[in-house]
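> Fold the following.
(chains A and B)
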Amino acid sequence: MLEKATDRSYGMCVGKSCLLLQFTDKRFQPVHDLTIGVEFGARMITIDGKQIKLQIWDTVNIIEMSFNLCISYYRGAAGALLVYDITQRHTFNHLTSWLEDARQHSNSNMVIMLIGNKCDLFARREVQKEEGEAFAREHGLIFMETSAKTAANVEEAFINTAREIYGKIQEGVFDPTNEVNGIKIGPQHANPRTGERPSSSAEKGGCC
Amino acid sequence: MIKSEKFWEDEREAPLMQLNRHFLKYPVDPEIFVRTSKWLSVLPDLQLSTLKKEEECQSERIILLDAERTFLGNVQRQKLIKVLNSFKNEFQTYHQGLSYIAGFLLLTIEEDDVVRILRHLNSTNYWKHEAVQLAIDAYVFEHLMNEFYPKLNEHLIKNRILPETYCQKWFAALCVNVLPFEALFQFIENLLFYGTIYLFQFALSLAKHIQNDLLETNNSGTIYQYLRLDSSLAKFRDNAIGMAIVNEALSYNLATYDFEQLRKQAYDEKLKARMEAAKQCHQQHADTDTDTESESEDEDDSLECQLCNNLVPDYVCIKCNKFICDRCSKRSSEHTCSREALRRLDEESTDVNSIVSNINKLNIK
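Numbering: from 1, shown residues only, chains lettered A, B, ... in the order given. Sure, this is the predicted structure:
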């Protein structure tokens, strides 16, 4: 999972690790382990009757990058979830300014989903849902508000991202035989030339 | 901390104690305190502790959270918070790995002395939000690995496993929650006695011990598991391998390497372009950011002018060791050193060394 840590202060705290844990283990742990370097999560899902293994990276990057560099840096990722915290305005501001630059120059096919996390804390909301929606619309991203705590939309966020990647494979935008796209055809794949893809694994790299 | 029975009631299941593996137990063998008290002998004499009373009160959210992610009991958390606040107040920086490190040191060492050790170890300059020095050293390690274990290096590159991701646990978090306690005590001891070069020796020794396992897999998840000595792997279930890695590390002779040169090369080749692109990207949005600055005052950016705390710095002053923006550099009321002491931050690579060493100086007080 390519996650843009939106907060430039010492700790990210937008809920990346909690989202991942909710998706892979279906539980919320407010006090999770420290994320240092790269942590991993994986889960099998089914899309259109096909088994797909999602491999998700949860990362802390040590130095800032521009978006375009990020893309090439994590060229093994097919999709990314960019997470901000709806109760911390600066996490949204930073993320959007970073991404604005990005989309203008990038011709990457990477599927990007913008996530406003912590929507259970509506009383402390600093970023309106409409702002997230408007930004996503303008830049061609998928958007969702989630709560890692109540699990609201967490499944949907990951699965929709995967579905979108899967769609791009079928349209021929992603070539699943080229691992550089972050997609691998599973071992039970009988005949690579028939174009049948019984199983694929989408690998998502982390970022910034 | 570990002398009290209450500690053991509270912390048996604490995240920090996961890899204790009965190395420390209650009642505690006093030998461990004798051992860690010797660690203090490497510290400069004149270092005074800066622990203040008020450091117990005001804490950043991340420090409170990290204390919760390290200890379970309130007494232990409060001690840790105090130490972390002290570090943060002194250096105006914080890294999440610090919580584990400080927590680990607090087990056998008093707060004041833990602060002194952290201050000493901070000369690595790794504990920054934008930890350039950490990334540089990760690529220096990659270079060394390529000399000692070229096949492994090629394998990691092929699988897009980047040194700056996996080195964080060894270099910035100093192997806490990577090595079991028996090996961890020896690792920290060696680091204090032999200096930063030990980190590279350790990393090479680790690479050697897991080389064959890594070469057998192309699964990035598995590769990362080996790189973090994940205890869910059979290989790391007992303490022997950790001890072997830590001890054999000392047999690597790296004295012939010019680390200054290697660091400069790593910066030029691996990081410079990336950092400049990122800087450019953020500069373009500097105006929009300042509009919203009032709403995000708690936002701290390690790469801003240290005089106005606002603009992106253009220079580092080698006299006062501050990052300074162009505007403040021209105002004598703000910056009193002569202009000759200024070095442009984006200047050609010739000055990278001085920038790196100046960044270092900022943190060695």
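> Let me see the ranges of the strands in the chain.
Went with chain A since none was named. Using DSSP state E, the strands of chain A run over residues A:38-47, A:50-59, A:79-85, A:111-117, A:142-145, A:183-185, A:199-204.
> if you could check chain B rather than the one you did, that'd help
Secondary structure of chain B (DSSP E): strands at B:315-317, B:323-324, B:342-344.
> Save the ones you listed as JSON lines, and put in mean neighbour count and distance to chain A too.
From N, CA and C alone the C-beta is placed, and that goes for glycine too. Below are those laid out as JSON lines (neighbours: other C-beta atoms under 10 Å in any protein chain shown; distance: least, C-beta to the nearest C-beta, whole Å):
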{"stretch": "strand B:315-317", "mean neighbour count": "23", "distance to chain A": "17"}
{"stretch": "strand B:323-324", "mean neighbour count": "24", "distance to chain A": "15"}
{"stretch": "strand B:342-344", "mean neighbour count": "16", "distance to chain A": "19"}
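> Rebuild these as TSV, extending it with mean pLDDT and distance to residue B:38.
As requested, the strands of chain B are arranged in TSV below (pLDDT from 0 to 100; distance: least, C-beta to C-beta, whole Å):
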stretch	mean pLDDT	distance to residue B:38
strand B:315-317	77	37
strand B:323-324	80	38
strand B:342-344	76	40
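> Tell me which of the ones you listed sits nearest to residue B:17.
strand B:323-324 (39.3 Å; C-beta to C-beta).
> Lowest mean pLDDT across the strands of chain A, which one is that?
Per-stretch mean pLDDT for the strands of chain A is lowest at strand A:199-204 (a mean of 39).
> if I look at residue B:74, how far off is chain A?
Per C-beta to the nearest C-beta, to the nearest Å, residue B:74 is found 13 Å from chain A.
> returning to what we had before: looking at the strands of chain B, spot the one closest to residue A:43.
It is, among those and with distance given as C-beta to C-beta, strand B:323-324, at 43.3 Å.
> what does the closest one contact?
B:303-307, B:313-317, B:335, B:342, B:345 (C-beta atoms under 8 Å, 6 or more residues apart in numbering or on different chains).
> What degree of burial does the nearest residue to residue B:175 once chain neighbours are set aside show, as a neighbour count?
Ranked by C-beta to C-beta, 6 or more residues apart in numbering or on different chains and with sequence neighbours excluded, the top spatial neighbour of residue B:175 is residue B:187, at 5.3 Å. If you count neighbours by other C-beta atoms under 10 Å in any protein chain shown, residue B:187 ends up with 25.
> Surely residue B:187 and residue B:246 touch.
Yes. Counting by C-beta atoms under 8 Å, residue B:246 is a contact partner of residue B:187 at 5.0 Å.
> Find residues that contact each of those two.
Residues touching both residue B:187 and residue B:246 (C-beta under 8 Å, 6+ apart) are B:179, B:202.
> give the contact list for residue 137.
Just so you know, I chose chain A. residue A:143.
> Switch to chain B, please.
With C-beta under 8 Å, 6+ apart as the criterion, the residues that contact residue B:137 are B:124, B:126, B:167, B:171, B:196, B:199, B:200, B:263, B:266.
> a markdown table please, covering those residues and showing pLDDT, neighbour count and distance to residue B:326.
Below are the contacts of residue B:137 laid out as a markdown table (pLDDT from 0 to 100; neighbours: other C-beta atoms under 10 Å in any protein chain shown; distance: C-beta to C-beta, whole Å):
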| residue | pLDDT | neighbour count | distance to residue B:326 |
| --- | --- | --- | --- |
| B:124 | 93 | 20 | 30 |
| B:126 | 94 | 28 | 29 |
| B:167 | 94 | 24 | 34 |
| B:171 | 96 | 28 | 33 |
| B:196 | 95 | 15 | 34 |
| B:199 | 98 | 24 | 36 |
| B:200 | 98 | 23 | 37 |
| B:263 | 97 | 20 | 27 |
| B:266 | 96 | 23 | 28 |
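> what sits opposite the residue nearest in space to the middle of chain A in the beta ladder?
Nearest to the geometric centre of chain A sits residue A:81, at 2.1 Å (C-alpha atoms, centre = their mean). Following DSSP bridges, residue A:81 is listed with bridge partners residue A:113.
> and the gap between it and residue B:123?
37 Å (C-beta to C-beta, to the nearest Å).
> Over to residue B:156?
Distance from residue B:156 to residue B:123, by C-beta to C-beta: 28 Å.
> Which of those two has more residues huddled nearby?
More neighbours surround residue B:156 than the other of residue B:156 and residue B:123, with 23 against 14 (other C-beta under 10 Å).
> And that one, how far from chain A?
13 Å.
> wait, isn't that residue in contact with residue B:211?
No. Counting by C-beta under 8 Å, residue B:156 stays clear of residue B:211, with 10.4 Å between them.
> before we move on, back to that, filter the contacts of residue B:137 down to the ones near chain A?
Cross-checking these against chain A (C-beta under 8 Å from any C-beta of the partner chain) gives residue B:167 as the overlapping residues.
> Return the subset of the contacts of residue B:137 lying in helices.
B:167, B:199, B:200, B:263, B:266 (DSSP state H).
> so how far is residue B:270 from the closest residue to the last one other than its chain neighbours?
The one in question is residue B:266. Closest residue to residue B:266 apart from its sequence neighbours, by C-beta to C-beta, 6+ apart: residue B:139 at 3.7 Å. According to C-beta to C-beta, residue B:139 stands 4 Å off from residue B:270.
> By mean pLDDT, which helix or strand of the chain comes out lowest?
No chain specified, so I'll use chain A. Lowest on mean pLDDT, DSSP states H and E among the helices and strands of chain A sits strand A:199-204, with a mean of 39.
> how many other residues sit next to the residue nearest to residue B:266?
Neighbour number of residue B:139 under other C-beta under 10 Å is 21.
> Check the one 3 residues further on too.
Residue neighbour count, defined by other C-beta under 10 Å, stands at 19 for residue B:142.
> Check it and give its pLDDT.
97.
> Same question for the one 3 residues further on.
Per-residue confidence at residue B:145 stands at 98 (pLDDT).
> try the one 3 residues further on
Reading off the per-residue confidence, residue B:148 sits at a pLDDT of 98.
> cool, residue B:280 as well?
pLDDT recorded at residue B:280 is 74.
> cool, and the one 3 residues further on?
Per-residue confidence for residue B:283 comes out at a pLDDT of 72.
> Report the contact partners of it.
Residue B:283 makes contacts with residue B:312, as judged by C-beta under 8 Å, 6+ apart.
> and if you look at residue B:36?
Listed by C-beta under 8 Å, 6+ apart, the contact partners of residue B:36 are B:105, B:108, B:109, B:185.
> is it true that the second one touches residue B:2?
What it means is residue B:108. Yes. Assessed by C-beta under 8 Å, residue B:108 is found in contact with residue B:2 at 6.6 Å.
> is stretch B:103-119 anywhere near chain A?
No. Counting by C-beta under 8 Å from any C-beta, no contacts exist between stretch B:103-119 and chain A, the nearest distance being 10.3 Å.
> Any idea how many residues pack against the nearest residue to residue B:164 once chain neighbours are set aside?
Counting by C-beta to C-beta, 6+ apart, residue B:164 lies nearest to residue B:138, which is 4.2 Å off, once chain neighbours are set aside. Residues near residue B:138, counting by other C-beta under 10 Å, number 26.
> pretty sure residue B:138 contacts residue B:167?
Yes. The pair residue B:138 and residue B:167 passes the contact test of C-beta under 8 Å, sitting 3.9 Å apart.
> ok, residue B:235 - contacts?
Here residue B:235 is in contact with B:210, B:213, B:226, B:241 (C-beta under 8 Å, 6+ apart).
> Chain A: which of those residues is nearest?
Relative to chain A, the closest of these is residue B:226; by C-beta to the nearest C-beta it sits at 12.6 Å.
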